[in-house]
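Novice: what follows is a predicted protein model with its sequence.
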Amino acid sequence: MAIKILFLIVCFIAIIITPVPLRWLTNPMNVPAICLICWITIFNTISFINALIWGGDDDQFETSWKGAIFCDIEIKFIIASSAGMMAATTAMSRNLARVMEQTGPLYKTKSVRRRELIQDLLICFWPPIYLMSVHYIVQPNRYYIVRYVGCTPSVDNSWPTIPLIYIWPPIIGFAAAYYAGRSIYLVRNYQKKFSEDVNSSISGASKSRFMRLFIISTFMVSVNFPIVLYIFYHNLKYPMIPYSWHLVHTQGWGYIPYIKNDSIQFDHWTPAFAGIVCFIFFGTGREATQIYKRWFEAVGLEAYFPDLLLRKKALAKTGGGSSMGSWVSRKLFSSFSTS
């Protein structure tokens, strides 16, 4: 039960703090980062609820709720959020690489901004929608109930599963890794022009803002891409069987297996810690602190947080920041400059 309590605490913290930076990300609008935070929050909320319901001891688990209708809906969101996190990371890395590839001021017309918005939305939402849609084709039963994890999508071990389901997370991961690697290369090799390129390409963007987005996208790729490859390799280890629609969707399709686990899979821990990391870099900077100050003033709590007011005045004078996220951003940027 200790693992359940720890998991619930980490998930709860992530659920509370991960959405906090959304206001900071809306000015200027950063669709991939907003989608990433939303997908992480959705996944962690599902994990938290499921651990509460299906995290009991052996006797409680075996007689626990079957999750009818609830799990049928939830597994679709699990599929969508799992794909959405990597898809949003791909869009974010792609945008950062495009910023570094631009030279000099560039005025973006309304049609250009609209086209870029559509591209971001397609990258962030098409993979989740596609995978949710085709999942039923290779879904041998409604779902599994796994201890601590709860509702878990089921997938048939037949050859159509590879092109329909298994192959897409690695493809998205390779795209994210390519753009992340290109961003790292461009940051290192175009250091002298960094501030000029970033500030001229994105309205209102700063070196710190860019580096926060850069660090988060690189972190997400570095953590999730190996996990995606491992899961893909693990899935291919099982022998493939011939596919038959009638065999997959038999009368026993409604059977719900219960699977006992003594631990929680690592791919459920990762989004929880990713949400906390997102808050550290997105939600503790100068701009975010100023937003919190306005929130406190709006509800009349500024008198209870005088240090926050003093910090805002100091930041306005110095233009700097002292958060962990901004400190890491400056250190990383400095290391690129001297390398």
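Specialist: That came in fine, so what should we check first?

Novice: now do the nearest residue to residue 245 once chain neighbours are set aside against residue 146, distance only.
Specialist: If the residues on either side of it in the chain are set aside, residue 245 comes closest to residue 137, at 7.9 Å by CB to CB, 6 or more residues apart in numbering. All C-beta atoms are positioned from the backbone trio N, CA, C, and that covers glycine. With distances defined as CB to CB, to the nearest Å, the gap from residue 137 to residue 146 amounts to 22 Å.

Novice: neighbour count: these two, which is higher?
Specialist: Legend: neighbour count by other CB atoms under 10 Å for residue 137 and residue 146, higher for residue 146 (20 against 16).

Novice: got the contact list for that one?
Specialist: If you count contacts by CB atoms under 8 Å, 6 or more residues apart in numbering, residue 146 has them with 54, 152, 259, 261.

Novice: quick check, residue 141 in a strand?
Specialist: No: assignment of residue 141 by DSSP: H, G, I helix; E, B strand; the rest coil gives coil, placing it outside any strand.

Novice: burial measure for it, as a count.
Specialist: Residue 141 has 16 neighbours, counted by other CB under 10 Å.

Novice: what pLDDT does it get?
Specialist: With respect to pLDDT, residue 141 has a value of 93.

Novice: same deal with residue 276?
Specialist: Residue 276 is assigned a pLDDT of 93 by the prediction.

Novice: just checking, it touches residue 12?
Specialist: No: between residue 276 and residue 12 there is no contact, the gap being 11.1 Å when judged by CB atoms under 8 Å.

Novice: show me what the helix or strand harbouring residue 180 is packed up against.
Specialist: Element membership of residue 180 [criterion: DSSP states H and E] is helix 168-189. Judged by 3 or more CB pairs under 8 Å, 6 or more residues apart in numbering; DSSP states H and E, helix 168-189 is in contact with helix 70-101, helix 110-134, helix 207-236.

Novice: out of those, which gets nearest to residue 269?
Specialist: Closest approach to residue 269 among these (CB to CB): helix 207-236, 10.4 Å.

Novice: so what does the closest one touch, helix or strand wise?
Specialist: Using 3+ CB pairs under 8 Å, 6+ apart as the contact criterion, the elements in contact with helix 207-236 are helix 31-54, helix 70-101, helix 168-189, helix 194-201, helix 266-282, helix 324-338.

Novice: now render those as TSV, adding mean neighbour count.
Specialist: As requested, the helices and strands packed on helix 207-236 are arranged in TSV below (neighbours: other CB atoms under 10 Å):
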stretch	mean neighbour count
helix 31-54	22
helix 70-101	23
helix 168-189	19
helix 194-201	18
helix 266-282	20
helix 324-338	15
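
Novice: so which bits of stretch 151-161 are buried?
Specialist: Applying a neighbour-count criterion of 16 or more other CB atoms under 10 Å, one finds 151-156, 158, 160-161 buried in stretch 151-161.

Novice: tell me which of the residues you listed fall in helices.
Specialist: Assigned to helices by DSSP state H, the following of the buried residues of stretch 151-161 qualify: residue 161.

Novice: the buried residues of stretch 151-161 in strands, which ones?
Specialist: Among these, the ones falling in strands (DSSP state E) are 151-152.

Novice: the buried residues of stretch 151-161: which two are farthest apart?
Specialist: Using CB to CB, the two most remote members of these are 151 and 160, lying 23.2 Å apart.

Novice: any stretches of the stretch 151-300 of the chain with poor pLDDT?
Specialist: When the per-residue scores of the stretch 151-300 of the chain are filtered using pLDDT under 70, the ranges that remain are 190-206, 285-292, 294-300.

Novice: try it again at 90.
Specialist: Using pLDDT under 90 as the threshold, the predicted model of the stretch 151-300 of the chain has low-confidence ranges 183-215, 237-241, 247-254, 261-263, 265-267, 279-300.

Novice: same check, this time on the stretch 1-150 of the chain
Specialist: Low-confidence segments of the stretch 1-150 of the chain, defined by pLDDT under 90, are located at 1-4, 20-30, 55-64, 96-113.

Novice: tell me the contacts of residue 218?
Specialist: Under the criterion of CB under 8 Å, 6+ apart, the neighbours of residue 218 are 93, 180, 183-184.

Novice: kindly report the same for residue 227.
Specialist: By CB under 8 Å, 6+ apart, the neighbours of residue 227 are 266-267, 270.

Novice: distance of it relative to residue 86?
Specialist: Using CB to CB, residue 227 is found at 10 Å from residue 86.

Novice: between the helix holding residue 180 and helix 70-101, how many degrees?
Specialist: For helix 168-189 against helix 70-101, the angle by axes from the mean of the first three to the mean of the last three CA atoms, to 10 degrees is 30 degrees.

Novice: run the chain-centre distance for helix 168-189.
Specialist: Helix 168-189 sits 16 Å away from the centroid of its parent chain (CA atoms, centre = their mean, to the nearest Å).

Novice: over to stretch 242-262?
Specialist: In terms of CA atoms, centre = their mean, the gap separating the centre of stretch 242-262 from the centre of its chain is 30 Å.

Novice: what about it, start to end distance?
Specialist: 32 Å (CA to CA, to the nearest Å).
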